[in-house]
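Enquirer: model this:
(one chain, ligands or ions: 1)
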Amino acid sequence: MSENTAAADASATGEVDAAATATADALLSVDGLERHFDGVRAVDGVSFTVAPHEVVSIIGPNGSGKTTTLNLVSGALRAGAGTISLEGRRIDHADPARIAEEGVARTFQNGRVFATLSVRDNVEVGLHSTLVASRPFRRLSRLFLLKWVPLLGELFIAIIGTPASRREQKQIDAAVESEVQRFEARLGPRRDDPAYSLSYANRRRTEIARALALQPKLLLLDEPTAGMNQSETAEVLEQLLQLKADGQAILLVEHKLDLVMTVSDRVIVMDGGRIIAEGPPQTVRHDPAVIEAYLGRRRGLGGGVDDVVSSGDAVSGDAVSGDTTTGGDEA
Ligand SMILES: Nc1ncnc2c1ncn2[C@@H]1O[C@H](COP(=O)(O)OP(=O)(O)OP(=O)(O)O)[C@@H](O)[C@H]1O
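Expert: Numbering: from 1, shown residues only. All right, here's what the predicted structure looks like:
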């Protein structure tokens, strides 16, 4: 849907002004978000904000609606109701590419890379939406009947090249290199290798590098340490802390509570599609509703959220299970 259509749609409901007023200082503002699947209330009236430079984590047992919330914010799913605004502007009717252009980049729960592309090319793909000189007619691609114009134009420029497109490619190359260098020790030696040959952890790093290459206003991370062992998780924590120090706003979904409690400014706890607690890590970890949500299903094992947190375990609904390494780093 075009920006104008989305704006008209939003304006028809009178929601633009309300969203803008309610979220004056927020980078991201989510209000009354709902998404149901065949009677399952995956996300059920969720409202929250992320301020500029803030790191907010969403935690909760399996199936509590965390990933669905991230999918709604990134445009991968459409909301049944509610509004999502970035810097006061509605994005809930925009498609994922448009939302990425607006400054929201994401990674996926299971890590998604293009298997046959090299690490460098995977990172470069993330920058495709930012090309101007090489894609002068890109906005026309939103008009169904004119889709062939930008395609032919891009093909032409790719074959003959122009001074501006060559300059742009140099900038892109530098941006890609800078993101690969962020993970230099791990990705540096593999920068020209195809993604299918990488360890699971390196594929996750490639995915994060691709998202960061966009220099997003808001970075959405869906379980960035899933499948990583303790030392790999510690590396990710260091990188998240560095991003935080650089002022990167992050909305993080993560099961490893030690990491969440260390990196987050604020923690949102979901259960059954609803937010059951929200606040600074130290407050949330002692909230009785949170302890009940995490441990109620395994009553009899004893302990509380603190035990879960201090053990460094990943909480996965019915049981506390240390995340297994499904593919460690190459030796
Ligand atoms: N595409 C879908 N079709 C049907 N049901 C879905 C779909 N996506 C999610 N659900 C359901 O919505 C609920 C919330 O799922 P979601 O993946 O958002 O939870 P989650 O908190 O991210 O879980 P996890 O920690 O296991 O990733 C679950 O009951 C899930 O089965």
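
Enquirer: contacts, neighbours, all on C-alpha from now
Expert: Fine.

Enquirer: residues in this structure within reach of the ligand, list them.
Expert: 37, 42, 61, 62, 63, 64, 65, 66, 67, 68 (C-alpha under 6 Å from any ligand atom).

Enquirer: Okay, helices next: where are they in the stretch 51-200 of the chain?
Expert: For the stretch 51-200 of the chain, helices defined by DSSP state H, counting those that start in this stretch occupy the ranges 66-74, 96-102, 119-125, 148-160, 163-182, 184-187, 200-213.

Enquirer: model confidence over the first one, on average?
Expert: It stands for helix 66-74. In this model, helix 66-74 has an average pLDDT of 97.

Enquirer: Flag every buried residue along it.
Expert: Residues 66, 67, 68, 69, 70, 71, 72, 73, 74 are the ones in helix 66-74 that count as buried (16 or more other C-alpha atoms under 10 Å).

Enquirer: How much space separates residue 198 from the ligand?
Expert: 24 Å (C-alpha to the nearest ligand atom, to the nearest Å).

Enquirer: Likewise for residue 73?
Expert: For residue 73, the distance to the ligand - C-alpha to the nearest ligand atom - is 12 Å.

Enquirer: so who does that residue touch?
Expert: 84, 92 (C-alpha atoms under 8 Å, 6 or more residues apart in numbering).

Enquirer: And residue 265, how far from the ligand?
Expert: Residue 265 is 20 Å from the ligand, by C-alpha to the nearest ligand atom.

Enquirer: One more: residue 158?
Expert: On the measure of C-alpha to the nearest ligand atom, residue 158 and the ligand end up 38 Å apart.

Enquirer: For that residue, grab the count of nearby residues.
Expert: 14 (other C-alpha atoms under 10 Å).

Enquirer: How about the one 3 residues further on?
Expert: Residue 161 has 14 neighbouring residues, counting by other C-alpha under 10 Å.

Enquirer: Model confidence for it, exactly?
Expert: For residue 161, the predicted pLDDT is 72.

Enquirer: and what of the one 10 residues further on?
Expert: As summarised for this prediction, residue 171 has a pLDDT of 89.

Enquirer: who's in contact with it?
Expert: Contacts of residue 171 (C-alpha under 8 Å, 6+ apart): none.

Enquirer: For the buried residues of helix 66-74, work out which two are farthest apart.
Expert: Within the buried residues of helix 66-74, two members stand farthest from each other by C-alpha to C-alpha: 66 and 74, at 12.6 Å.

Enquirer: Excluding chain neighbours, what is closest to the most centrally placed residue in the chain?
Expert: Nearest to the geometric centre of the chain sits residue 220, at 1.8 Å (C-alpha atoms, centre = their mean). Spatially, and ignoring its direct neighbours in sequence, residue 220 is nearest to residue 106 (4.4 Å; C-alpha to C-alpha, 6 or more residues apart in numbering).

Enquirer: Residue 219 is in contact with the one you found, correct?
Expert: Yes - the criterion here is C-alpha atoms under 8 Å, and residue 106 meets it with residue 219 at 5.8 Å.

Enquirer: anything in contact with each of the two?
Expert: residue 211.

Enquirer: picking that back up, least reliable of the helices of the stretch 51-200 of the chain going by mean pLDDT?
Expert: helix 148-160 (a mean of 69).

Enquirer: Taking helix 163-182 as reference, get the angle to the helix or strand where residue 237 lies.
Expert: If you go by DSSP states H and E, residue 237 is part of helix 230-245. When axes from the mean of the first three to the mean of the last three C-alpha atoms, to 10 degrees is applied, the directions of helix 230-245 and helix 163-182 differ by 130 degrees.

Enquirer: I'd say residue 180 and residue 192 touch.
Expert: No - applying C-alpha under 8 Å as the test, residue 180 and residue 192 come out as separate, 10.7 Å apart.

Enquirer: These two: which has the busier surroundings?
Expert: The neighbour comparison of residue 180 against residue 192 (other C-alpha under 10 Å) goes to residue 180, with 26 against 13.

Enquirer: residues contacting the more buried one?
Expert: 120, 123, 187, 188, 191, 206, 209.

Enquirer: Go ahead and confirm residue 105 touches residue 213.
Expert: No - in this structure residue 105 lies outside contact range of residue 213 using C-alpha under 8 Å: 9.1 Å.

Enquirer: Apart from its neighbours in sequence, what residue is nearest residue 248?
Expert: That would be residue 53: by C-alpha to C-alpha, 6+ apart, it lies 5.1 Å from residue 248.

Enquirer: quick one, phi/psi of that neighbour?
Expert: phi 70, psi 10 (degrees, to the nearest 10).

Enquirer: That one and residue 278, how far apart?
Expert: 18 Å (C-alpha to C-alpha, to the nearest Å).

Enquirer: Stretch 99-108: which residues count as buried?
Expert: Buried, per 16+ other C-alpha under 10 Å, within stretch 99-108: 99, 100, 102, 104, 105, 106, 107, 108.
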